[in-house]
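Engineer: requesting a structural model of the entry that follows:
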Amino acid sequence: MAVNSIERMGLLSVFFVCLFFNSAFAVDRGNFKTCDQSAFCKRQRALKPGQSPYRALLETLELSDSRLTLQLINDNNKVHLLLELYRLQGNMTRVKINELKPLKPRFEVPDVLIAEPPTEPLSVLSKDDNGIVLSLGAESQRLIVSARPFRLDIMEGPEVLLSLNSRGLLAFEHLRLRKDTQAQPDGAEVKESVDGDQQQDEGQKDDDGESNKEEDGLWEETFKSHTDTKPNGPTSISLDFSLPGVEHVYGIPEHGDDLKLKTTDGGDPYRLYNLDVFQYELYNPMALYGSIPVMLAHNTQRTMGIFWLNAAETWVDISSNTAGKTVFGKMLDFVQGSSEKPQTDVRWISESGIIDVFIMLGPKPSDVFSQYASLTGTQSFPPLASLGYHQCRWNYNDQEDVKSVDQGFDQHDIPYDFIWLDIEHADGKRYFTWDPHKFSEPKEMLQGLMDKRRKMVAIVDPHIKVDSGYKIHNEITSKDFYVKNKDGRNYEGWCWPGNSGYPDFTNPEMRAWWASMFTYDQYEGSMENLFTWNDMNEPSVFNGPEVTMHKDALHGNWEHRDIHNIYGLYVQMATAEGQIQRSGGVERPFVLTRAFFAGSQRFGAVWTGDNAAEWDHLKISIPMCLSLGLVGVSFCGADVGGFFKNPSTELLVRWYQTGAYQPFFRAHAHLDTPRREPWLFGPENTALIREAIRQRYALLPYWYQLFFQAYRTGTPVMRPLWVDYPKDTATFTIDDEFLIGSDLLVHPVTEEGSRGVTAYLPGAGEVWYDVHTFQKHNGAQNLYIPVTLSSIPVFQRGGSIIPRKDRVRRSSACMENDPYTLYVALSPKKFAEGKLYIDDGHTFNYDRKKEFIHRSLTFANNALTSSNLCPECNFLTSSWIEKVLILGASKPSKVLLKMDGKETPVDFEFDSFMSVLTLRKPGMNAGDDWTLLLQ
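Structural biologist: Prediction:
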C-alpha cells in the first residue's frame, strides 16, 4: 500500500498550471453578443439539468431496414416530436429530431454532406414498457432508448460510451402562431408561448401547461440599434450529451484558444457564429470567422466525435466533474482510489433548424477522421505550388510594385510561389476588375510572373458595389440573385466599396453564374496563373448587427438566421467551381477563405484571420490550426508577422520559422504597417528568413505526399501528438508543438528572448533524430533544447523515411524535375518506412487518368527498397535519387544497387560519430523499382 501511494504521489509531476495572459489590445466586445444578450441562448441556458418533460411513445415505433422512427411528447405542452435513428456504415449513429407536424418546414442543412450517408440494418434486441434495446452490430454495441423520461445511451459491453438527454436538457421550441393571429394550416400542431417550462414550478401555466409570461426576445429582439423581427417566433433547439470517462475534448473551431476545450461553467459558452471580428482577443470562447460544429472526445481507450449539423447561431456549453479540482485534489482522489469516474457533459444550443447529430464512435483517432470524411468529404488536394511560400500585403500599390517585390526575391535568393493583391487592385473595389491606372496591363504583369513559373492571387469578396455602371452588379440585379431584406427588396449594407449588395450564394443558379464569371473572357485580364482569395464572407456588413447580415434577411424561403454559418462555404464553393470550369475541368483550383463551415475542406484553404504582431498571436496559431485539422481542415495557416501592428525583428523571424512548418504559409500585413518584405531587416535577419523558407521548399515532397494522404483518408496533415500517441496522457494537452504527418515533430520557438525550449518527444522505446544535427534522442522524455535565433527545433521519427529536394530554386515549379534526397531514420530495430508521391502538381489527372507515381520505401534487413503502390498508374518523372542519408546506421563494407537484374556498387561515406551513412548518386529514377543492399 505504501509503495502504491508513493507511486501515485509521483503523479504530481504530470500536473502543471498554465497561466494565460490577455492580449495587449482588445476587440470592441460591445459589438458582439454575449449569451445573456442573445435571447435564445439566455432562455435555453436558464434551463437547468433535471427531469426531462419529454417521453418516448413506444407504441409509435416503426422500424425499417435503415431507420427507426418514434414519437416523443413534451408532457408540459403536449407537442409531439419525431425521433429518427439511423445506424450508419463505418460505426456511426445519426439522431434526428424534428416537429412531427410543424406549421411549415424547418431548415435542414443542404450541401454539407457529400451524399446521403449509407445505412446498415438496425435490429431490436429487446423491448418493454421502459424502452427498447437496439443492436448497433459491431463489438456488442447497443443503443438503448429509455421512454420516461426520454434518453438515449450508446453502450459497448458494460460501458456507456455516450448518453443523450441524460441531464434532461433536450428543448425544442416548436413553430407557433403569435397570439391573435390567423388559424393554423390543417393538421399542424400549434401552441402559443415558449417551451420555457422544461422544469417544474415556473409560475402559472395555461391549459397547455405553458407559461403565460411573455418573455423578451421571442418575437422581436434588439441589439444596440438593430432590431431583429422574428416572424417565426422562438425556434431554438438544445440537446445535452454526456461522455463518461472523458476529460479531454477538442474541436468546434474557430476560437482563439487552447487546443483542449475548457469548461464554460461561470462564463459564456463557446459560440459558433461566423463574424468579422476586428483585432480578436485570445483565450476566450468568442465567435470568430468560421464555425465547424464538430467536437472530438479522447481518452486512452477511445476517440469519439459529435457532429451537430446546424448552420444557425450555436452555443456550446462544456462542464466536467474534474474541472476546478486542484492538482492536489486530483492527486488525492487517485491516492485514495476515488471511485468517481471522470465525465464531460456537453450541451449544444442552436437558434433554429432541427436536431441532426452524427455520433462517430471511432474507436481510434484515424477512425473518427475517416468517419467524418465519409460524411463531409476530405481536404481538397491542392496544387503543389500552393504549398510553397505566399507573399501578401494590403496592398501592393501597382504593377511596378509587384515587379519590384518579385525581383527582390530573386536578388535575395528567396523562393516564393504566389504574390497576392488585396482590395486596392480593383477599380473602385469592384471585384473582377483592375484599377485602370495602377494595374492597367494585368496580363503583362501575370505573364511576367508566369515566365518565372510563379503565380498570383487576387481578392474577390462577396459584397458587390451598388453601381449601375458595374457589370457584375447589373447582372446580379437583372437575374434577381441578391439576398432580400425582410420586406422583399434587395438587402444592402456597407462594406469596402461603400453601399453593397450581397449575392444569395445559397441559390445554386447564383453559384453557377458566379462560377461563370471566372472564365477568361468574363474576368478580363485574368490568366491561368491567377487564383482567388474570398475574404469578408461571414458575410461582413460594417453597419449590420454584430458587423454581419440581419438575421431576418431572406434567402429564398429561408431566413438568414437559418443559413448564416454556411454562407462563406457557398462563396468558396462557387469560386472554386469557377476556377475548375475556366480550365475545362483540367486544373485544380486554389481558393483561400476566411469564413468556413463543415465541408469547407473540399474547396481550399483557410487562414486564422486578422491576427496581430504579438507573441501570443504567434503561439495561438498552433492550437488554432491543430483544432481545424482535427475537424477536417488541413490547409490552415496564420498571417506570418501578424496582420495588425508591427513585429519586432525577433518576432518576425520566429514567425517565419513557425509558418514554414504550418500547412498554409503566407506573410500578410495591414495597409498602415511599414513594409516588411523579408530582406528589409538587415542581412542577418534576411539570411534567417531565407533559411526558414528554404527548409519549407526542401520538404515540399513530404508536404505534398501528406496532402495526398489527407485527400484520400481525411487524416490531418498538421496534428496534435495524441493523434499518433493516443494512450500517452502526457500528450493530451500539448499545443506548443505538433506533428507534421507521423514523422516530423516541430517545437517552434514562440517566447521572446528564448534561450531554450523543452520539447516532449513521445513514444517509449522510440527514437527521434534532430533534423539539423542528426543527433539521436530517446522517446518518452522532455528534452531541453538550447536555442539561438537561427534554431527551429524539428525532429524526425526513428522508423521513417522522408523524401526531400535539397536543391531549392526560385519557385516550386522550377524544382519539378530536380532530384530527391531520402532521409532514412532508423528505429532501434533498424527498420524504417515511408512513401514518395509524384504527379504533375496541378491537374486532376491524378484522379481522372491515374497519372501519378506512388512508391513505398522500406528499410529492413540492411536493404532499402522502393516498390510500386499503384501498378495500374502511369506517370513518368525526370527526377532521380541523388542521395540517401541513413541515420542510426552501422558502417557497411560495401553498398550495392540492385535494379533491372543488375548489381552496381554505390559510393558511400560513414560518419561514425553521428552514425550517419551517406550514399552518393545512386542515380535511379524516382519512379523505378530498386533495392540498395548494405553488406
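
Engineer: can you show me the helices along the stretch 501-650 of the chain?
Structural biologist: Secondary structure of the stretch 501-650 of the chain (DSSP state H, counting those that start in this stretch): helices located at 508-516, 560-563, 567-582, 615-630, 649-659.

Engineer: relative to E221, which of these is closest?
Structural biologist: For the helices of the stretch 501-650 of the chain, distance to E221 was read as C-beta to C-beta. The smallest value, 10.6 Å, belongs to helix 560-563. For glycine as for every other residue, the C-beta is placed from the backbone atoms N, C-alpha and C.

Engineer: what's the closest one in contact with?
Structural biologist: Contacts with helix 560-563, where a contact means C-beta atoms under 8 Å, 6 or more residues apart in numbering, come from 107, 228, 311-313, 351-353, 483, 506, 549-555, 567.

Engineer: and if we set it to 7 Å?
Structural biologist: Helix 560-563 is touched from outside by F107, A311, A312, E351, S352, G353, T506, M549, H550, K551, A553, H555, with contacts defined as C-beta atoms under 7 Å, 6 or more residues apart in numbering.

Engineer: tell me the one of those nearest K921?
Structural biologist: Taking C-beta to C-beta as the measure, K921 lies nearest A311 of those, at 56.6 Å.

Engineer: is that closest one in a helix, a strand, or coil?
Structural biologist: Under DSSP: H, G, I helix; E, B strand; the rest coil, the three-state class of A311 is coil.

Engineer: quick one on the thing from earlier: now, the contacts of helix 560-563 that are in strands?
Structural biologist: Members of the contacts of helix 560-563 lying in strands (criterion: DSSP state E): H555.

Engineer: which among the contacts of helix 560-563 count as buried?
Structural biologist: Listed as buried from those are F107, A311, A312, E351, S352, G353, T506, M549, H550, K551, A553, H555; burial here means 16 or more other C-beta atoms under 10 Å.

Engineer: farthest-separated two in the residues you listed?
Structural biologist: Using C-beta to C-beta, these span at most 18.0 Å, a distance reached by G353 and H550.

Engineer: buried residues, stretch 458-472. List them.
Structural biologist: By 16+ other C-beta under 10 Å, the buried positions in stretch 458-472 come out as A458, I459, V460, D461, P462, H463, I464, K465, V466, D467, Y470, I472.

Engineer: what's the answer for stretch 850-860, then?
Structural biologist: Under the neighbour-count criterion of 16+ other C-beta under 10 Å, stretch 850-860 has E851, F852, I853, H854, R855, L857, T858, F859 buried.

Engineer: what is the nearest of these to T235?
Structural biologist: Ranked by distance to T235 (C-beta to C-beta), the buried residues of stretch 850-860 are led by F852 at 48.7 Å.

Engineer: just to revisit the earlier point, next, format the buried residues of stretch 850-860 as TSV and append secondary structure.
Structural biologist: As requested, the buried residues of stretch 850-860 are exported to TSV (three-state DSSP):
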residue	secondary structure
E851	coil
F852	coil
I853	strand
H854	strand
R855	strand
L857	strand
T858	strand
F859	strand
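
Engineer: wait, a strand at L706?
Structural biologist: No. When classified by three-state DSSP, L706 is found to be helix rather than part of a strand.

Engineer: which secondary structure element contains the nearest residue to T713 once chain neighbours are set aside?
Structural biologist: Distance criterion C-beta to C-beta, 6 or more residues apart in numbering; nearest residue to T713, sequence neighbours excluded, is S370 at 6.0 Å. For S370, the enclosing helix or strand under DSSP states H and E is helix 365-376.

Engineer: sorry, back to before: any chance of the contacts of helix 560-563 in CSV, with pLDDT and distance to R167 too?
Structural biologist: Converted to CSV, the contacts of helix 560-563 look like this (pLDDT from 0 to 100; distance: C-beta to C-beta, whole Å):
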residue, pLDDT, distance to R167
F107, 98, 26
A311, 99, 25
A312, 99, 22
E351, 98, 21
S352, 98, 23
G353, 98, 22
T506, 98, 35
M549, 98, 34
H550, 98, 34
K551, 98, 29
A553, 98, 35
H555, 98, 35
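
Engineer: switch the contacts of helix 560-563 over to JSON lines; also include distance to C814.
Structural biologist: Output for the contacts of helix 560-563, formatted as JSON lines (distance: C-beta to C-beta, whole Å):
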{"residue": "F107", "distance to C814": "49"}
{"residue": "A311", "distance to C814": "43"}
{"residue": "A312", "distance to C814": "48"}
{"residue": "E351", "distance to C814": "51"}
{"residue": "S352", "distance to C814": "52"}
{"residue": "G353", "distance to C814": "50"}
{"residue": "T506", "distance to C814": "42"}
{"residue": "M549", "distance to C814": "44"}
{"residue": "H550", "distance to C814": "50"}
{"residue": "K551", "distance to C814": "50"}
{"residue": "A553", "distance to C814": "48"}
{"residue": "H555", "distance to C814": "46"}
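
Engineer: and the contacts of helix 560-563, which is closest to L721?
Structural biologist: When those are ranked by distance to L721 (C-beta to C-beta), A311 comes first, at 32.4 Å.
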